[in-house]
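[1] here is a sequence with its predicted model. Questions after.
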Amino acid sequence: MKLDLDQPAGNYARSFSPGELRINNKVFRTPVILTSDSILEWSPPPIAAMTAADFEQILLMKPELILLGTGTRQEIPENALIITIMKQGIGFEFMDTAAACRTYNLLAGEYRNVVAALLVN
């Protein structure tokens, strides 16, 4: 799914299809953490096994919002993870990766402090 032709400053999710994520002009086939100024490799466990420790690197960034792109379909992480992140005053949304990319692009284009943790399966 192609996301948009216009690109704001910083990193921009250009397209997503199962197994492939294009950020700017680079293709990724493994999960990444995306911010306006960095793209980091990420090796999370399956969504049902995710804990706050899997988001430690993201939490250190002190984002206003974390978007979890769960791949080709929306999956819901464990309540304990959701509660742990939200207790820190950080918004936490989870949606399929295409929706997470669109949402990230919109919020990053508004210069919001957003981090997208994106799965590509």
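    Cool, the structure landed. The structure displayed is predicted, hence computed values, not measured ones.

[2] show me where this protein has its strands.
    13-17, 20-23, 26-28, 32-34, 39-41, 65-69, 91-95, 114-118 (DSSP state E).

[3] go through those and name the closest to A80.
    Of all the strands of the chain, strand 91-95 sits nearest to A80, with 12.0 Å by Cβ to Cβ. Any C-beta I mention is one placed from the backbone N, CA and C, and that applies to glycine too.

[4] so can I have JSON lines of the strands of the chain showing mean neighbour count?
    JSON lines is the format used below for those (neighbours: other Cβ atoms under 10 Å):
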{"stretch": "strand 13-17", "mean neighbour count": "20"}
{"stretch": "strand 20-23", "mean neighbour count": "19"}
{"stretch": "strand 26-28", "mean neighbour count": "14"}
{"stretch": "strand 32-34", "mean neighbour count": "23"}
{"stretch": "strand 39-41", "mean neighbour count": "13"}
{"stretch": "strand 65-69", "mean neighbour count": "24"}
{"stretch": "strand 91-95", "mean neighbour count": "17"}
{"stretch": "strand 114-118", "mean neighbour count": "25"}
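
[5] what about stretch 80-95, start to end distance?
    When the termini of stretch 80-95 are compared using Cα to Cα, to the nearest Å, they are 18 Å apart.

[6] what mean pLDDT would you report for it?
    Per-region confidence: stretch 80-95 scores 97 on mean pLDDT.

[7] dump the strands of the chain into TSV; add distance to F55 as well.
    Output for the strands of the chain, formatted as TSV (distance: least, Cβ to Cβ, whole Å):
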stretch	distance to F55
strand 13-17	19
strand 20-23	19
strand 26-28	19
strand 32-34	9
strand 39-41	12
strand 65-69	7
strand 91-95	9
strand 114-118	7
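
[8] out of those, which gets nearest to L106?
    Using Cβ to Cβ, the nearest of the strands of the chain to L106 is strand 114-118, at 9.1 Å.

[9] tilt between that closest one and strand 91-95?
    30 degrees (axes from the mean of the first three to the mean of the last three Cα atoms, to 10 degrees).

[10] for strand 114-118, packing partners?
    Packing partners of strand 114-118 (3 or more Cβ pairs under 8 Å, 6 or more residues apart in numbering; DSSP states H and E): strand 13-17, strand 32-34, strand 65-69, helix 97-109.
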